[in-house]
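have a look; sequence and predicted model below, questions after that.
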Amino acid sequence: MLLSLPTTVSALQECLAQGAVPVGGATLVWAAWQRDGFPERAVSLRKVPEATVVGREELGAAVLLHQVDDRVPEVLRRAAGSVGTGAVRRTATVGGNIVGSTLRCLLPAALVLDARAHVLAADRAYETDLAELVTKRPLLLALRWRAPLTSGYRKLPGDAGGPPPFVVAAAVHADGDGGRLLRVAVRDGYEVIAESTDCAGSAGTGAGTGNAAGTGRRDVLDTLRRTPLGDLPATGWEAVRDQVTETLADAAPGRAG
């Protein structure tokens, strides 16, 4: 197998046009290649700058999971840190997890960040939404988003050999009118559910607003309970409730940022 290591997007496109198979950490395809045979040509994104960036509002597809650090929002960092073992995180990539894996451990985190996918087609690079990314599976270069005010993530314990562990991600964003928007996403088995709601009154804005803030948080939870999130099993809803409560508290004045 001939492995190409292009350093620009245009050189990457040339490799793809010549039939090279894109490969990241190869954690998902190695066994199949050993069984069915290796491709004649492969191409890695690990030297393409657009695919290796790590920043406050972007993350490259070729970044290894163990390299996802506190430069990105907490929700994405914690999601990456919860994937598999240390050995897996040292070889698996962001792109492989979101596009190639059926578990898509990073997808709930990307959804609550309202991330956009920077992808590569045969003739151009363009941005698309996460729905197209996971259904049509174009070649992912990077994820991009607007930094949230605060975010959080939790993963419930799972049983070895059982279904994927339940995860919940949440993030609070400022909107253009001075309000706040809460985004929540869960992975329940292999299904991912995402919802959002206004949360402007959930944190309080000054002295004497503690009771109002508590009422606002209850209103947010009541709203979410009327969405498909409310149909989750009891343990799943409890995880949503706890994570939302924690994230909204972190978004209170003086704590967000």
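Perfect, thanks for sending it.

okay, now Leu107: neighbour count?
Leu107 is flanked by 24 other residues according to other C-beta atoms under 10 Å. Where you see a C-beta, it was placed from the backbone N, CA and C, and this is true even at glycine.

ok, Val9 next?
18.

thought it was touching Ala125?
Yes. The pair formed by Val9 and Ala125 meets the contact definition of C-beta atoms under 8 Å, at 6.0 Å.

can you pull the residues that touch both of the two?
Counting by C-beta atoms under 8 Å, 6 or more residues apart in numbering, the common neighbours of Val9 and Ala125 are 50, 141.

quickly find the element holding Glu127.
Using DSSP states H and E, Glu127 sits in strand 125-128.

distance between that strand and the chain's centre?
Computed by C-alpha atoms, centre = their mean, to the nearest Å, the separation of strand 125-128 from the middle of its chain amounts to 17 Å.

how about the helices of the stretch 151-257 of the chain, start to end?
Under the criterion DSSP state H, counting those that start in this stretch, the stretch 151-257 of the chain contains helices at 210-225, 234-250.

deepest-packed of those, please.
Compared across these, helix 234-250 shows the largest average neighbour count, a mean of 18 (mean count of other C-beta atoms under 10 Å).

list the contacts of it.
Residues contacting helix 234-250 (C-beta under 8 Å, 6+ apart): 150-154, 156, 166, 168-172, 182, 184, 186, 188, 199, 202-203, 217, 220-221, 224-225, 229-230, 232, 255-256.

I'd like to know the average pLDDT value across it.
For helix 234-250, mean pLDDT is 95.

what's the answer for stretch 104-116, then?
95.

about what we covered before: for ChimeraX, what selects the buried ones among the contacts of helix 234-250?
Here is the ChimeraX command that selects the buried residues among the contacts of helix 234-250 (16 or more other C-beta atoms under 10 Å):
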select :150,151,152,153,154,166,168,169,170,171,172,182,184,186,188,199,202,203,217,220,221,224,229,232,256
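
C-terminal to the helix or strand bottoming out on mean pLDDT in the chain, what's the next element?
Sorting the helices and strands of the chain by mean pLDDT, DSSP states H and E puts helix 30-36 at the bottom, at a mean of 62. For helix 30-36, the following helix or strand on the C-terminal side (DSSP H and E) is strand 41-44.

next SSE after that next one?
Taking DSSP H and E, what comes next after strand 41-44 is helix 49-52.

is it true that Lys47 touches Thr7?
Yes. Between Lys47 and Thr7 there is a contact at 4.9 Å, judged by C-beta under 8 Å.

quickly find the element holding the residue nearest in space to the middle of the chain.
By C-alpha atoms, centre = their mean, the chain has its centre lying nearest to Ala110, at 2.8 Å. Assessed by DSSP H and E, Ala110 sits inside helix 107-112.

residues touching that helix, excluding its own?
Under the contact criterion C-beta under 8 Å, 6+ apart, helix 107-112 has outside partners 73, 75-76, 78-79, 98, 130, 134, 143, 145, 148, 151, 153, 167-171, 183-187, 192, 194.

quick one: name whatever helix or strand follows that helix.
Following helix 107-112 in sequence order, the next helix or strand is strand 116-120 (DSSP H and E).

ok, residues contacting that next one?
With contact meaning C-beta under 8 Å, 6+ apart, strand 116-120 is reached by 9, 12-13, 16, 50, 125-130, 132-133, 138-145.

so what strands line up beside it?
Strand 116-120 pairs in its sheet with strand 125-128 (antiparallel), strand 139-144 (antiparallel), by DSSP bridges.

out of these, deepest packed?
Mean neighbour count, computed with mean count of other C-beta under 10 Å, is highest for strand 139-144 among the strands paired with strand 116-120, reaching a mean of 24.

check the offset of that strand from the chain's centre.
That offset, for strand 139-144, works out to 11 Å (C-alpha atoms, centre = their mean).

with stretch 89-98 instead?
Taking mean C-alpha positions (C-alpha atoms, centre = their mean), stretch 89-98 and its chain are 12 Å apart.
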